[in-house]
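Q: 3D, please:
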Amino acid sequence: MFLLSALLAFCVTGCNDPCDETQTCPGLQLPWRLDADGDGYSDGDRVCSLLAPGAGYVLSCRLAGPSIDCDDADPGVHPGAQELCDDAIDNDCDGITDGCSQPPATVWKPVPGTSWQWQLAGAVDASFDVAMYDIDLFENSASLIRQLHNDGRIVICYFSAGSWENFRPDAGGYPASVKGNALEGWPDERWLDIRQLAALGPLIQARLDLAVEKGCDGVEPDNVDGYANSSGFPLTADDQLKFNTWLAQQAHARNLSVGLKNDLDQVVQLVAAFDWALNEQCFEYGECDKLAPFVKAGKAVFGVEYTLEPGEFCPQANALNFDWLKKNYDLDAERQSCR
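A: Take a look at the predicted model:
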């Protein structure tokens, strides 16, 4: 791996050290800095070496900039990050802890009892009288989103944050090093190494920027539980928490509402960071109790069942104050709502 890094480095021309552009390394040695959390910033001294000195080291010219990372163990903490309130952390490394304001009131924060429609396949049927539509970010136009807005709908835009899909227009931008195993049942998708934020961050940020450009009110980032699946990478629960928290921060920095998709075992740790939850099949698998913290916090819990009939889950969903639908696996326009 390190030898490959060095060989790639030789192909780079004009690779200056943005952390100290006035200095150069002797001979053929190259400037490296440790970016342990993969967020594009380093808190370490420059090391001159022909090969990468160790795991987590990147060429200095590949860093996001010369600013110092005040916590190189947390990818959500670095210069330029959104400062969060009341977390006792200097998120943006400006020397001020919690020097911020809460996310703008314009961020959509649905409460239990919010009606919705989820359609990711086929031409969107805009005729449903619901408060929120959840549709595909790439497959739908800004004009459709304007139409839904004119009809009084909130529009949430779906994209996969934790997997690579070979059919997306930006698929070519994902390096081979971040692609892992195929998702079970989805041969066109592969899990991503969410630890590599230096590579993934700009790609995901571009998707969030596209959501803003199209007029989406929020986003539904999918596949944010790779640590609990056979991803092909040694992902830990802590890796997932850092990535998911970073996702929420990036969405809120753009005034986008953001929902936690599945990832039930981390609801307690993440409920404060997300505005709502979306789950698939918790009644079928008997795990709906894990979503209770969202309702307790006054945040909507959306969900679907595919194989159960409405009579088998709607009474329980309504009693839990969940907003549940019966959908087919294609996620086309067909829907049955529990309330």
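Q: beyond the helix or strand of the chain with the lowest mean pLDDT, next helix or strand please.
A: Least confident helix or strand of the chain, by mean pLDDT, DSSP states H and E, is helix 2-10 with a mean of 43. Of the helices and strands lying after helix 2-10 in sequence (DSSP states H and E), the nearest is strand 30-34.
Q: for that next one, C-alpha coordinates in PDB please.
A: Written as PDB, here are the backbone C-alpha positions of strand 30-34 (Å, rounded to 0.1, in the frame of the first residue of the first chain):
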ATOM      1  CA  LEU A  30       8.000  13.900  -0.600                       C
ATOM      2  CA  PRO A  31       6.200  15.900   2.100                       C
ATOM      3  CA  TRP A  32       3.600  13.900   4.100                       C
ATOM      4  CA  ARG A  33       1.300  14.800   7.000                       C
ATOM      5  CA  LEU A  34      -0.800  12.600   9.200                       C
END
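Q: give me the mean pLDDT for stretch 157-165.
A: For stretch 157-165, mean pLDDT rounds to 98.
Q: what's in contact with it?
A: 120, 134-138, 140, 145, 171, 174, 178-179, 183, 186, 188-192, 194, 204, 207, 211, 214, 216, 218-226, 243, 247 (C-beta atoms under 8 Å, 6 or more residues apart in numbering). Any C-beta I mention is one placed from the backbone N, CA and C, and that applies to glycine too.
Q: quick one: buried residues of it?
A: Of all the residues in stretch 157-165, those buried under the rule 16 or more other C-beta atoms under 10 Å are 157-165.
Q: ditto for stretch 201-221
A: Quick answer for stretch 201-221 (16+ other C-beta under 10 Å): 201, 203-204, 207-208, 210-211, 214-221.
Q: check stretch 251-266 too.
A: 251-252, 254, 256-264, 266.
Q: follow-up on the earlier one: mark which of the contacts of stretch 157-165 are buried, thanks.
A: 120, 134-135, 137, 140, 145, 174, 178-179, 183, 189-192, 194, 204, 207, 211, 214, 216, 218-226, 243, 247.
Q: among those, which ones are in strands?
A: 134-135, 179, 183, 189-192, 218-222 (DSSP state E).
Q: farthest pair within those?
A: Lys179 and Gly218 (27.2 Å; C-beta to C-beta).
Q: spell out the residue ranges of the helices in the stretch 1-150 of the chain.
A: Assigned helices in the stretch 1-150 of the chain, in chain order: 2-10, 142-150 (criterion: DSSP state H, counting those that start in this stretch).
Q: wait, doesn't Asp154 sit right on Ala131?
A: Let me fix one detail, which is that residue 154 is Ile and not Asp. Yes - contact status for Ile154 versus Ala131: in contact at 6.1 Å, counting by C-beta atoms under 8 Å.
Q: what do these two both touch?
A: Pro110.
Q: so for the two, which sits in the more crowded spot?
A: Ile154 (19 against 16; other C-beta atoms under 10 Å).
Q: can you tell me the closest non-neighbouring residue to the more buried one?
A: Leaving aside its chain neighbours, Ile154 sits nearest to Met132 (4.3 Å; criterion: C-beta to C-beta, 6 or more residues apart in numbering).
Q: the one you found - how many residues pack around it?
A: As a burial measure, Met132 scores 23 neighbours (other C-beta under 10 Å).
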